[in-house]
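Undergrad: Structure of the sequence below:
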Amino acid sequence: MDPHGIGTDELRAQVAELIGSEPEAVPVDANLFELGLESIVLMRLVGRFRKQGRAVTFADLAARPTVSAWSELVGAAIEPVPAPIARTPESNRPDTGSFDLAVLQHAYWIGRSAEQRFGGVAPHLYTEFDGEGVDPDRLRNALDAVARRHDMLRARITDNGQQVIESTPGWRGLTVHDLRSADDAAAELERTRQRLTHHMLDIEAGEVFSADLSLLPDGRTRLHLDMDMIAGDAVSFRILVADLAQAYDGRALPTIDYSYERYLTDRPDDRRNAREQAEKYWSNRLDSLPGAPTLPLLERDSGSPVATRRAFHLDSHAYSQLQSQARAHGVTPAVAVASAFAEVVGAWSREQRFLLNVPMFDRAPTHPAVGALIGDFSSSVMLDVDLSEDLSFAERSRQLRARLHEDASHVDYSGVEVLRDLGRRRGEPVLAPVVFTSALGLGELFDGRAREVFGDPVWIMSQGPQVVLDAQITELDGGVLVNWDIRENEFLPGVPEAMFDAFESLVRGLVDEDAVWTKPVGQLAPSRQLLLRTPAADVPRTDAVPAAGTETLHRAFFDRAARRPDAIALEWGENESMTYGELCDRALRVAATLTDRGVTVGDTVGVTLPKGPDQVTAVLGVLAAGGVYVPIGVDQPASRAALIAGKADFAVTIGGSGDDGLTVAGGGACGMTILDAVLGEPLPAPHLGPDTAPAYMIFTSGSTGEPKGVVVSHRAAMNTISDLIGRFELDESYRPLCLSELDFDLCTFDLFSVFAAGGTAVLIEEHERKDPQRWVTLIRAHRVTVISCVPPLLDMILSTGEDLGRSLEVVMLGGDKVGIDLYRRLTAAVPGCRFAGLGGATETAIHNSICEVVDVDPNWRTVPFGVPLGSTALRVVDARGHQVPDWVPGELWVAGTGLADGYLGDPERTNERFVEADGYRWYRTGDLVRYGTDSMVEFIGRVDNQIKINGFRIELGEIEAVLSSDPVVVAAAAVVDRSGTAAVMAAVVLGDSDADPDETVAGITARVADRLPAHMVPDRMVALRTLPLTVNGKIDSAAIVQLCRAAGDTERASARVAPRSRLEGALALIWQSVLGAEEVGVTDTLFALGGDSVLATTIVARTRTAFDITSVTVRMLFTAPTVSGLAKSMIAAEGDAELLEATAELYVSIESMSEDQLLAALDHQHSP
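TA: Okay, here's the model as predicted:
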């Protein structure tokens, strides 16, 4: 046997000991992870080997996890690592007075600042023990003894990020609460719990732990013990409790001849090569790493942090079953629970690929006494979780295990450092606020004697800065305690509870049900939420399509014309009108002419007419002939119109006066004018046909650049129309203003809803199409009761400032997102008018959902899509087609009677967008939405409008919401310029038209930068008088991109701002030196320049030295992370701007000198 090796039997005995098994139960060729070997135990084994001088790594052992392979690996380690250096107690004493914080300590120190995202909390572990007869004096003496033994319990953290070991602890002493005769001891205990759970120890005063003792009736006691984790990790807290019990028993605590400071000094030498390899590994992966999971969090400031804990316990029997199930599927219990956690996080995350922050307990064996120390020995791994593929739970667990082992083998470059590198790469801080901590393999949570002395742990709460969710699993009472520590008030309502319930249910399923392991987890949305989304009975299933009916779009019109021919059907202009009888006669003449031209049932007829009564006549005539009308806007480019005509294969086209219509080469179509069409004798009766027949075809923009024809049946369109007629009680008094273009399906609702209700349509003519003042005149003159249009058109009406009269009863907005401000402005202009926002798509027959606004929810960015219309179902799904929980963004799917037949002549696209699931036919809208309050669907944006810039996902809806809420902005739109490197651009309409646009835009940009992360602040912004619109009244994104390009960059993207004072100049020099930047503008942010929290600490230290002041702090820099901001903060703190300017001038002068010049100046200063 190799002299450096270990015999197979000896190695098997060591492994068996570590996994709590007998050597005979460990086959030499068995996968040790399947036998229950946890990563923590493997790290401990690596440490044991290295302590023996054997150069093996975590990666080596994880790659070949069998005893036989390890025996070979250990035997091949013929270049032993240096054995730990034996040190005398004297050599361990601090000789510098202070020493640097470790990587994670530094992150804790920075993160606790309230100025940091998810900051304002201390990293601390707080536990309560319920026991009997704990004596305050003995406890006080024991606490003093423990503090004397452990240097880090006497640590003080300075305001410049150093740690100093004091001779006496800075703790406030034992606080005793005598509740033995209290009226309500339980209430007092709860108040104490809440106070200490959220307490921030004063680490700058040396307070890194605290202890309270509550004395209760009948001799009962509660020990409240808290430790700031900047002084020690979770394992250190166990050491603290165990040592405290020993000291309380009166047993001496021996002196430790090693220190945490020395550990920090020794470890880099011990792991230099491994660290270099790990840094290279992570550097190569930076560009491909995802970000944190995007959980449903509040967008506004949530106030003071509120921490809550949710937990469940698996008893020894359940834990044993979990171990057996995990082994059977090739993983450990820790990996199984981590996989369950990942699945739940993924279910509530917009992203299916994300980073989990996984702490690792990694005490390098630099000294025999290192295991007795209190200190922060933990590291972390940024675990890349990818749920994009549907795998069985067992496969998912094995996939996660493989990734974890690979990443953990490079833990020498910690997760904190990886996040810093990501921040520098992406130009702003990157967080990983979702944490999974496994302590399986470390043994029972607390020492048995400690529990005999102080009692059982009844409350355990850990908090961490820049953490919103920390899931932990640890051994307790022979089983496992699984708990979540949650920053509750950062989440939207109900989210933490629903997530945890799903997690507990999944973990318990892993214990009891083998089937849970062998199939994908599927959707995890709570059943109570799914129940509310269940399609109603009137939503047609694919296996039970209702028989054809007779309620076609035009039936109601012709029925009314027969019953009340003198009723007014159309009004326009000053006093022009047409009765139902007159319109019926003209329509039937058109139908007869079309029939004479060979139009038969189902033929397509092109209609390209200006707005007005002729347009309505043509449409009714086509339907009366049994045809399918296909509108083409009169201002469509000739090439696009020809393309539509070719795809639709028109039998006939109807054009305006003096227009011979369209002639399609090879299409067999013949054109005629509307004047020609009404000359003949009328058709005796309209063709009414079945409602399942196509009624119209609208061509919408296609992703390939070619228009796609959406075929909509009578039944589908009438489903929407009938619902809204009933919902708003529309009758013969219904008088809509028909603003929409014929080739936009809101026009379908305008025309056929009024005919179905028996009302009168108020038309605008072609020359009035873009004149909102004329619209207002028509509203008043014709006593318009309903407006149904896209939001920008209502904005144009309200922006005229003219009196709208009092006839308006209902306003329905659809076709685009509906701003909250429109509701407020309308109700101010027309009190009592009903207001509704509708979601929809041409493929769902105009509209599919509705939200009538009564009160505005503060969480709304825009008016929600709302709830489904009748015979309609809505579903919000993730990329895998799973229904998502409330508040989680996903794609909107629509099912029901209102679905279009599909895309003309394009079965591939039809099958892609219209899919079958759970017995229903669904249309995938491409809208990004979420379920919010009261199961209302809220619009967020478009799935295809989401882009990534520098690794960050950009959501235009969020940008627009922040821009629109700016006090000087009345309207805003954000767009993406996809030419070259993707960039965010924005257009804003200012409330004050006389304001200087450049100056105002700069101010808006600055305010937006305070509310949005840097990657979402528009790269370019332009102020406009109005937002450009398409012919259908929607925001014209392409025009905004062109305007922004022409206007040039905003202040944010303009040339750097040079120093404007000597103080700014000196600070810029310091920043350049520390950051290695060629140029630093005084408004450039620290993170955009490649800075991070460590470099920020260096900048602060250099600034303090240069100006000989102590008022500059890292917190100050993070509050205003620019040279300009820091200069202002320094002046405010010091109160003497002239002295700072003079010092800055001297500093710049010295920095500009060569070494020879500096020496000469010093000689001159000291010469007589």
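Undergrad: switch to C-alpha atoms for all contacts and neighbour counts from now on
TA: Will do.
Undergrad: Out of the helices and strands in the chain, which is least certain?
TA: helix 1155-1166 (a mean of 58; mean pLDDT, DSSP states H and E).
Undergrad: So which elements touch the longest helix belonging to the chain?
TA: The single longest helix within the chain, with elements called by DSSP state H, is helix 260-285. Packing partners of helix 260-285 (3 or more CA pairs under 8 Å, 6 or more residues apart in numbering; DSSP states H and E): none among the helices and strands.
Undergrad: chain center to that helix, what's the gap?
TA: 33 Å (CA atoms, centre = their mean, to the nearest Å).
Undergrad: Please identify the buried residues of that helix?
TA: 260-264, 266, 270, 274-275, 278-279, 282 (16 or more other CA atoms under 10 Å).
Undergrad: Can you give me the distance of Ile205 to Gly819?
TA: Careful, residue 205 is Ala; it's not Ile. To Gly819, Ala205 is 51 Å away according to CA to CA, to the nearest Å.
Undergrad: Of those two, give the one with the bigger neighbour count.
TA: Using other CA atoms under 10 Å as the criterion, Ala205 and Gly819 rank with Gly819 on top: 21 against 15.
Undergrad: and that one, what is it in contact with?
TA: 791, 861-863 (CA atoms under 8 Å, 6 or more residues apart in numbering).
Undergrad: which of those count as buried?
TA: By 16+ other CA under 10 Å, those give 791, 861-863 as buried.
Undergrad: Among those residues, find me the one that's closest to Tyr413.
TA: Taking CA to CA as the measure, Tyr413 lies nearest Arg861 of the buried ones among the contacts of Gly819, at 40.9 Å.
Undergrad: Mind jotting down where the strands sit in the stretch 401-550 of the chain?
TA: 434-438, 456-463, 469-476, 479-487 (DSSP state E, counting those that start in this stretch).
Undergrad: which residue ranges form the helices in the stretch 701-850 of the chain?
TA: 714-727, 746-757, 772-781, 791-799, 820-829 (DSSP state H, counting those that start in this stretch).
Undergrad: and the third one, what does it pack onto?
TA: For helix 772-781, the contact count by 3+ CA pairs under 8 Å, 6+ apart identifies helix 791-799 as packing neighbours.
Undergrad: is it possible to export the buried residues of helix 260-285 to TSV including pLDDT?
TA: Shown next, in TSV, are the buried residues of helix 260-285 (pLDDT from 0 to 100):
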residue	pLDDT
Tyr260	96
Glu261	95
Arg262	94
Tyr263	93
Leu264	92
Asp266	87
Asp270	60
Ala274	83
Arg275	87
Ala278	92
Glu279	93
Trp282	95
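Undergrad: Please identify which of those residues is nearest to Phe99.
TA: For the buried residues of helix 260-285, the nearest to Phe99 is Glu261 (7.1 Å; CA to CA).
Undergrad: shaky segments in the stretch 601-750 of the chain?
TA: The model of the stretch 601-750 of the chain has pLDDT under 70 over residues 657-669, 702-705.
Undergrad: which one's the longest strand in the protein?
TA: strand 920-931 (DSSP state E).
Undergrad: could you dump that one to CSV, C-alpha only?
TA: Extracted C-alpha coordinates of strand 920-931, given in CSV (Å, rounded to 0.1, in the frame of the first residue of the first chain):
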residue,chain,number,x,y,z
TYR,A,920,-60.1,23.5,-23.2
ARG,A,921,-58.8,25.4,-26.2
TRP,A,922,-56.6,28.3,-25.1
TYR,A,923,-55.2,31.3,-26.9
ARG,A,924,-51.8,32.4,-25.8
THR,A,925,-52.0,36.1,-25.8
GLY,A,926,-48.4,37.1,-25.2
ASP,A,927,-49.5,39.5,-22.5
LEU,A,928,-47.5,39.4,-19.3
VAL,A,929,-49.9,39.6,-16.4
ARG,A,930,-50.5,38.4,-12.9
TYR,A,931,-53.3,37.6,-10.6
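Undergrad: residues near Phe749, how many?
TA: Number of residues near Phe749 (other CA under 10 Å) recorded here: 26.
Undergrad: Need the per-residue pLDDT for the most centrally placed residue in the chain.
TA: With distances taken as CA atoms, centre = their mean, Thr294 lies nearest the centre of the chain, 2.9 Å away. Note for Thr294: predicted pLDDT of 93.
Undergrad: next one: Asp485
TA: 94.
Undergrad: ok so, going back, which of the buried ones among the contacts of Gly819 lies closest to Val306?
TA: With CA to CA as the yardstick, the closest approach to Val306 among these comes from Arg861, at 24.8 Å.
Undergrad: Secondary structure element holding the residue lying closest to that closest one once chain neighbours are set aside?
TA: In this structure, Arg861 finds its nearest non-sequential neighbour in Ala961, 5.9 Å apart by CA to CA, 6 or more residues apart in numbering. Using DSSP states H and E, Ala961 maps to helix 956-964.
Undergrad: Return the distance of the next helix-or-strand element following that helix from the chain's centre.
TA: Under the assignment DSSP H and E, the closest C-terminal helix or strand after helix 956-964 is strand 969-977. The chain centroid and the centroid of strand 969-977 are separated by 21 Å, computed with CA atoms, centre = their mean.
Undergrad: Okay, buried residues for the helix or strand just after strand 969-977 please.
TA: Using DSSP H and E, the helix or strand that follows strand 969-977 in sequence is strand 983-990. Buried residues in strand 983-990, counted by 16+ other CA under 10 Å: 983-990.
Undergrad: Same list, the residues you listed, but as a markdown table with distance to Val884 and pLDDT please.
TA: Shown next, in a markdown table, are those (distance: CA to CA, whole Å; pLDDT from 0 to 100):
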| residue | distance to Val884 | pLDDT |
| --- | --- | --- |
| Ala983 | 30 | 78 |
| Val984 | 28 | 85 |
| Met985 | 30 | 86 |
| Ala986 | 31 | 90 |
| Ala987 | 33 | 91 |
| Val988 | 34 | 91 |
| Val989 | 36 | 90 |
| Leu990 | 38 | 89 |
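Undergrad: and which of those is nearest Gly427?
TA: For the buried residues of strand 983-990, the nearest to Gly427 is Ala983 (14.5 Å; CA to CA).
Undergrad: which residues touch the nearest residue to the closest one once chain neighbours are set aside?
TA: Distances taken as CA to CA, 6+ apart place Asp977 nearest to Ala983, at 5.3 Å, with adjacent residues excluded. Contact analysis of Asp977 by CA under 8 Å, 6+ apart lists 983-985, 1041.
Undergrad: Contact partners for Thr604?
TA: 627-630, 648-652.
Undergrad: Can you list which of those are found in helices?
TA: Per DSSP H, the contacts of Thr604 map to helices at Ala648.
Undergrad: Can you tell me how far the residue lying closest to Pro540 once chain neighbours are set aside is from Ser527?
TA: Nearest non-adjacent residue to Pro540, counting by CA to CA, 6+ apart: Gly896, 5.9 Å away. Per CA to CA, Gly896 is found 22 Å from Ser527.
Undergrad: Tell me which of these two has more neighbours.
TA: Gly896 (28 against 12).
Undergrad: Mean neighbour count added to the strands of the stretch 401-550 of the chain, as JSON lines?
TA: As requested, these are exported to JSON lines (neighbours: other CA atoms under 10 Å):
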{"stretch": "strand 434-438", "mean neighbour count": "22"}
{"stretch": "strand 456-463", "mean neighbour count": "19"}
{"stretch": "strand 469-476", "mean neighbour count": "22"}
{"stretch": "strand 479-487", "mean neighbour count": "21"}
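Undergrad: So for Asp183, which of the ones you listed sits nearest?
TA: strand 456-463 (22.1 Å).
Undergrad: Could you spell out the sheet neighbours of that closest one, each with its direction?
TA: strand 124-132 (antiparallel) (DSSP bridges).
Undergrad: Perfect, I'm done here.
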